[in-house]
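Asks: When you get a sec, could you give me coordinates for this:
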Amino acid sequence: MKPILYLEGSSGISGDMTVAALLDLGGSREKLDAVLHSLALEGFHYTVSRRKSHGLDGCDFDVCLQEEKRHHEHEHCHHHEHRNLADVYAVIDRGTMSDNARELAKKIFRIVAEAEAKAHGCPVADVHFHEVGAVDSIVDIVAASVLIDDLGIEECVVRGFYEGGGFVHCQHGDLPIPVPAVLNIAQEYRIALKPTDVQGEMVTPTGIAIAAALRTSEVLPESFTVKKVGIGLGKRDFGRPNFLRAMLIDPSPEPEKILLLEANIDDSSGEVLAFAMEKLFESGARDVHFLPCFMKKNRPAYLLRVIVDQGHLAAVEETMFCTTTTIGLRKIPVERTCMEREMCHIALEFGDIQVKRCSFGSLVWYYPEFESVKKVAEKSGLDFRTVYDTARREAEKQRMQS
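Replies: Residues are numbered from 1 along each chain as shown. Here you go, the predicted model:
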């Protein structure tokens with residue numbers, strides 16, 4: 001199972017922070033260099049370095065534009081070449097990236113275009129990317145897409161992002177934070193924004209668009225292990241560490257939720273109970289058995305016990321009430337420890353046998369399946385025990401030889 005990417009947004013998110021975090025996770029710098037060079041975009045270079053933000057060490061990804069001095073102002077403040085969505089797609093199509101990376105990059109830009117179109121009340125095709133379509137943001141989005149593809153990420157958890165307040169200056173004047181494009185993406189993709197007392201923009205359109213394109217869930221596994229952590233540093237100083245933390249996580253196996261259902265029955269015949277057992281198995285019960293017991297006034301009876309998982313509980317409960325005379329049942333949560341099980345086929349001279357291989361640590365046992373042994377025994381004329389023992393010995397022999 002591939003690990004899940006978790007984007008933890010305590011300091012918001014931006015395009016360059018995302019790229020830096022993915023590089024810190026181990027994304028290929030060589031592959032990134034090759035793809036960005038193939039875009040044939042002039043007037044920029046980029047640097048990857050390590051620095052600190054209020055004592056927190058992390059990776060910094062910085063796109064440097066040759067035609068103007070960059071003072072690490074917010075991406076909305078840049079005045080670059082204007083491009084529409086078709087122009088941006090043409091740049092992406094020039095790149096020698098994988099189909100998956102190309103599709104993701106276009107998806108991210110489409111998300112931004114739709115958000116900008118809604119903000120300005122115009123068709124998507126008429127949106128001109130004053131900022132997001134600029135060279136540095138094309139680089140950010142393509143770089144993020146290439147690194148996501150390189151890391152093999154297919155699932156991503158985004159719970160939400162912290163956001164600042166105030167205003168930001170851009171081509172359209174002073175806009176309130178969150179800016180309209182960020183709000184539109186948050187609304188469309190149901191990404192939570194949590195206001196803070198920080199004065200300044202913590203969530204950028206590029207950053208939240210990347211998150212929206214990647215997110216497959218907003219809920220973390222109940223428990224997980226962290227395989228790797230990537231820290232991408234932001235450019236602005238909020239008076240505390242400014243970073244995006246990206247984690248590759250493996251969900252911990254959730255304990256199997258098994259229930260034991262019980263009912264005391266003293267007024268049913270053996271035929272009725274046999275029918276009930278058959279129907280309980282059909283309803284999804286994992287095991288059914290009866291135990292003799294004595295009830296009130298020393299009446300002889302049977303204790304019906306059914307093992308069932310949570311998914312089949314309702315059906316099994318209904319079957320218990322429909323097929324027996326009980327008017328109440330007990331539900332007891334139980335824990336199970338099971339051996340690992342797998343089926344293997346053993347070819348014998350008198351027929352093929354299905355054998356269940358059960359293991360627990362260094363213990364390994366082989367159990368030929370009853371119906372399989374029965375079929376071969378009847379067809380060959382051999383007794384059941386001979387076929388059973390031969391199949392088990394052959395399975396053990398093959399294990400020793402492997």
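Asks: Check the burial of residue 226 by counting its neighbours.
Replies: 11 (other C-beta atoms under 10 Å). All C-beta spots, glycine's among them, are computed from the backbone N, C-alpha and C.
Asks: and it, which of the three is it?
Replies: strand (DSSP: H, G, I helix; E, B strand; the rest coil).
Asks: For it, list the residues it contacts.
Replies: Counting by C-beta atoms under 8 Å, 6 or more residues apart in numbering, residue 226 touches 247-249.
Asks: Spell out the residue ranges of the helices in the stretch 301-402 of the chain.
Replies: With DSSP state H, counting those that start in this stretch as the criterion, the stretch 301-402 of the chain has helices at 313-323, 370-380, 384-401.
Asks: Let me fix that, I meant to ask about the chain.
Replies: Under the criterion DSSP state H, helices of the chain are mapped to 15-24, 29-38, 85-94, 99-120, 135-151, 180-188, 205-214, 270-282, 313-323, 370-380, 384-401.
Asks: Residue 221 reaches residue 251, doesn't it?
Replies: Yes. Between residue 221 and residue 251 there is a contact at 3.7 Å, judged by C-beta atoms under 8 Å.
Asks: shared neighbours of these two, anything?
Replies: Joint contacts of residue 221 and residue 251 (C-beta under 8 Å, 6+ apart) are residue 4.
Asks: State the distance from residue 6 to residue 207.
Replies: Note on residue 6: its distance to residue 207, by C-beta to C-beta, to the nearest Å, is 15 Å.
Asks: The two: which is more packed in?
Replies: The neighbour count for residue 6 versus residue 207, taken as other C-beta under 10 Å, is higher for residue 207 (28 against 21).
Asks: So that one is in contact with residue 17, correct?
Replies: Yes. Under the criterion of C-beta under 8 Å, residue 207 makes contact with residue 17 at 6.6 Å.
Asks: Can you work out which residues contact both of these two?
Replies: residue 244.
Asks: Okay, buried residues for stretch 15-35 please.
Replies: 15-25, 27-28, 31-32, 35 (16 or more other C-beta atoms under 10 Å).
Asks: Ramachandran angles for the most centrally placed residue in the chain?
Replies: Nearest to the geometric centre of the chain sits residue 155, at 4.0 Å (C-alpha atoms, centre = their mean). Backbone geometry at residue 155, expressed as degrees, to the nearest 10, gives phi -130, psi 140.
Asks: OK, contacts around it?
Replies: Here residue 155 is in contact with 2, 4-5, 216-217 (C-beta under 8 Å, 6+ apart).
Asks: so what's it scoring on pLDDT?
Replies: Residue 155 carries a pLDDT value of 96.
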